[in-house]
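Trainee: Quick one: sequence plus predicted model below, questions after.
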Amino acid sequence: MRAGEIIKDEREKRKLSQKALADKLDMLQVSISHIETGKRNATDAQKVKIAKFFNLSIEYIFFNQFNNK
(Lines give C-alpha, C1' and ligand atoms only; values in the text may rest on other atoms or scores of the structure.)
Protein backbone atom coordinates (compact mmCIF):
# COMPACT_ATOMS: atom_id res chain seq x y z
CA MET A 1 0.00 0.00 0.00
CA ARG A 2 1.31 3.44 -0.92
CA ALA A 3 1.80 6.15 1.69
CA GLY A 4 -1.02 8.22 0.22
CA GLU A 5 -3.41 5.29 0.48
CA ILE A 6 -2.45 4.68 4.10
CA ILE A 7 -2.94 8.36 4.96
CA LYS A 8 -6.31 8.49 3.18
CA ASP A 9 -7.44 5.28 4.89
CA GLU A 10 -6.42 6.55 8.34
CA ARG A 11 -8.05 9.93 7.67
CA GLU A 12 -11.29 8.32 6.57
CA LYS A 13 -11.31 5.98 9.59
CA ARG A 14 -11.40 9.13 11.71
CA LYS A 15 -14.10 10.67 9.51
CA LEU A 16 -11.92 13.67 8.67
CA SER A 17 -11.98 15.65 5.46
CA GLN A 18 -8.69 16.61 3.85
CA LYS A 19 -9.32 20.17 5.07
CA ALA A 20 -9.95 19.04 8.66
CA LEU A 21 -6.76 16.95 8.67
CA ALA A 22 -4.78 19.79 7.13
CA ASP A 23 -6.04 22.17 9.82
CA LYS A 24 -5.05 19.74 12.59
CA LEU A 25 -1.57 19.34 11.08
CA ASP A 26 -1.10 23.04 10.26
CA MET A 27 -0.82 22.20 6.57
CA LEU A 28 -2.68 23.21 3.43
CA GLN A 29 -5.53 21.03 2.15
CA VAL A 30 -3.86 20.91 -1.26
CA SER A 31 -0.74 19.42 0.37
CA ILE A 32 -2.80 16.61 1.89
CA SER A 33 -4.48 16.04 -1.48
CA HIS A 34 -1.16 15.88 -3.33
CA ILE A 35 0.37 13.51 -0.78
CA GLU A 36 -2.68 11.22 -0.87
CA THR A 37 -2.74 11.10 -4.67
CA GLY A 38 1.03 10.72 -5.00
CA LYS A 39 1.47 13.98 -6.90
CA ARG A 40 4.17 14.97 -4.43
CA ASN A 41 6.06 13.49 -1.53
CA ALA A 42 5.67 14.73 2.01
CA THR A 43 8.57 16.71 3.43
CA ASP A 44 10.40 15.21 6.40
CA ALA A 45 8.59 17.64 8.72
CA GLN A 46 5.23 16.66 7.25
CA LYS A 47 6.06 12.97 7.64
CA VAL A 48 6.70 13.51 11.34
CA LYS A 49 3.44 15.45 11.81
CA ILE A 50 1.40 12.84 9.96
CA ALA A 51 2.95 9.87 11.77
CA LYS A 52 2.48 11.48 15.19
CA PHE A 53 -1.12 12.43 14.45
CA PHE A 54 -2.06 8.89 13.39
CA ASN A 55 0.15 7.29 16.06
CA LEU A 56 1.92 5.24 13.41
CA SER A 57 5.59 4.93 12.57
CA ILE A 58 7.08 6.88 9.69
CA GLU A 59 8.44 3.58 8.38
CA TYR A 60 4.98 2.02 8.26
CA ILE A 61 3.37 4.97 6.48
CA PHE A 62 6.14 5.99 4.12
CA PHE A 63 8.31 2.90 3.75
CA ASN A 64 5.86 0.07 4.57
CA GLN A 65 8.44 -1.84 6.63
CA PHE A 66 6.74 -2.01 10.00
CA ASN A 67 3.20 -1.85 11.29
CA ASN A 68 3.01 -0.52 14.85
CA LYS A 69 -0.77 -0.55 15.16
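Mentor: Great, that's in hand.
Trainee: Check the offset of stretch 25-35 from the chain's centre.
Mentor: 9 Å (Cα atoms, centre = their mean, to the nearest Å).
Trainee: helices or strands up against the helix or strand containing S31?
Mentor: Element membership of S31, judged by DSSP states H and E, is helix 29-37. Packing partners of helix 29-37 (3 or more Cβ pairs under 8 Å, 6 or more residues apart in numbering; DSSP states H and E): helix 3-13, helix 18-25, helix 44-54. (Each C-beta comes from the backbone N, C-alpha and C, glycine too.)
Trainee: For the second one, the averaged confidence score.
Mentor: The average of the pLDDT scores along helix 18-25 is 98.
Trainee: tell me the angle it makes with helix 29-37.
Mentor: 110 degrees (axes from the mean of the first three to the mean of the last three Cα atoms, to 10 degrees).
Trainee: mind listing what F63 touches?
Mentor: For F63, no residue meets the contact criterion (Cβ atoms under 8 Å, 6 or more residues apart in numbering).
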